[in-house]
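J.: the following block contains a protein sequence and its predicted model.
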Amino acid sequence: MKRVILSLSLLVLAATVSLAQPQRRRVENLPEYPKPDLVINLWTSGAPTSNGITREEFDYGNHVTDVTKPTLSIFLPENPNGLAIISCPGGGYVDVWDKTEGFSLADWYNEMGIVYAVLKYRLPNTHKEVPLDDVQEAMRIMRSHASEYGFKYLGIQGNSAGGHLAAMTSTHYTNAVNRPDFSVLFYPVITLDPSYTHRGTLEHLLGKDAPQALIDQFSNEKCVTPDTPPAFIMHSTDDNVVPVRNSIEYYTALVKNGVRNSSMCILPTGGHGWTDRGWKGAEWEYRKTWMTSLEVWLGQLKDFLDNK
């Protein structure tokens, strides 16, 4: 009888736990995203660091959560122009919106002749070194295939918290291989200063009670030097998720340090998270504005880097 009661208790407990955890389901009626030419597992022999996440990674169809298996999805153009970009989509360091902020730009970049790769990076879970480890390994992998893919210069792109990761890649590199040649930043989190950062980005990267010295170390506006690569930065004045001051401070630091060929495009409205707005479905009045500005900047970039 005791065994029966114990078995019933365990069943009730299992059911309670199951009900407490929300069911994760793929999002329906999504647009058809471009398909990569190849997908590379980042750490074939095991990553050097762990984020401590034990829950199974899950792909909702437009974003991924609980990332523990980083990959690099590569889109190859028919006529390479010598540039390549690694994209770090956003998600507050708790998700990676790889489709909306990554895959959605693949065809556009390929049409320009740009080799384009979307990084599904591991989430930090307060293990601050993990995302940067993944980006730097992705940089190494891409550069090892430069002649095969047809590019000379490799840039880093980031959106929102992915923008923090991209700016961190631009200011915390350790050698010529993992130093980007340029960066493209969409409404980026730049600082971890609590007065104007995105709180979730700060807490998921460093924890809730990070010391000031650590906050300063990972506030990218404080880490710019004359050797920081040039950036094209985009933001909206009315962004109430990541204040526009993040972009302004980074751009100001670039100019102050004499980083030539940097540019900033501030839209009057748009809020946050507009990378794929107007891509499919309803048009957005400022999509052409940022795309034209970025295309012109990328169009002259190779000549600038050749003659730097």
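T.: The structure has been received and is ready for your questions.
J.: following element in sequence after the helix or strand bottoming out on mean pLDDT in the chain, please.
T.: Lowest on mean pLDDT, DSSP states H and E among the helices and strands of the chain sits helix 2-20, with a mean of 43. Following helix 2-20 in sequence order, the next helix or strand is strand 38-41 (DSSP states H and E).
J.: same question for that following strand, mean pLDDT?
T.: Mean pLDDT, strand 38-41: 98.
J.: could you do stretch 97-105 as well?
T.: 98.
J.: how about residues contacting it?
T.: Here stretch 97-105 makes contact (Cβ atoms under 8 Å, 6 or more residues apart in numbering) with 30, 33-34, 36, 61-64, 73, 87, 89-91, 116, 118-120, 159-160, 162, 186, 273, 275-276, 279. The C-beta positions use only the backbone N, C-alpha and C, and glycine is treated the same way.
J.: buried ones among those?
T.: 33-34, 36, 62-64, 73, 87, 89-91, 116, 118-120, 159-160, 162, 186, 273, 275-276, 279 (16 or more other Cβ atoms under 10 Å).
J.: which of the residues you listed fall within strands?
T.: Among the buried ones among the contacts of stretch 97-105, the members falling in strands (DSSP state E) are Val64, Ser73, Ser87, Tyr116, Val118, Leu119, Lys120, Asn159, Phe186.
J.: quick one: Ser160 and Ser236 touch, right?
T.: No - using Cβ atoms under 8 Å, Ser160 is not in contact with Ser236; the gap is 11.9 Å.
J.: tell me, what's touching these two both at once?
T.: With Cβ under 8 Å, 6+ apart as the test, Ser160 and Ser236 both reach Tyr187, His272.
J.: what's the spacing between Phe232 and Leu298?
T.: Here the criterion is Cβ to Cβ, to the nearest Å. By it, Phe232 lies 8 Å from Leu298.
J.: of those two, which one has the most company?
T.: Neighbour count, other Cβ atoms under 10 Å: between Phe232 and Leu298, Phe232 has more, with 24 against 20.
J.: what pLDDT, on average, does the helix or strand harbouring the more buried one get?
T.: Using DSSP H and E, Phe232 maps to strand 231-236. The average pLDDT for strand 231-236 rounds to 98.
J.: give me the residues contacting that strand.
T.: Under the criterion Cβ under 8 Å, 6+ apart, residues 167, 170, 182-188, 242, 244, 246-248, 250-251, 254, 259, 262-272, 274, 290, 293-294, 297-298 lie in contact with strand 231-236.
J.: one more pass at 6 Å, please.
T.: Contact with strand 231-236 is made by 183-187, 244, 247, 251, 262-267, 270-271, 290, 294, 297, as judged by Cβ atoms under 6 Å, 6 or more residues apart in numbering.
J.: show me the contacts for the residue lying closest to Ile74 once chain neighbours are set aside.
T.: For Ile74, ignoring the flanking residues on the chain, the nearest one in space by Cβ to Cβ, 6 or more residues apart in numbering is Ala117 at 4.6 Å. Counting by Cβ under 6 Å, 6+ apart, Ala117 touches Leu72, Ile74, Ile86.
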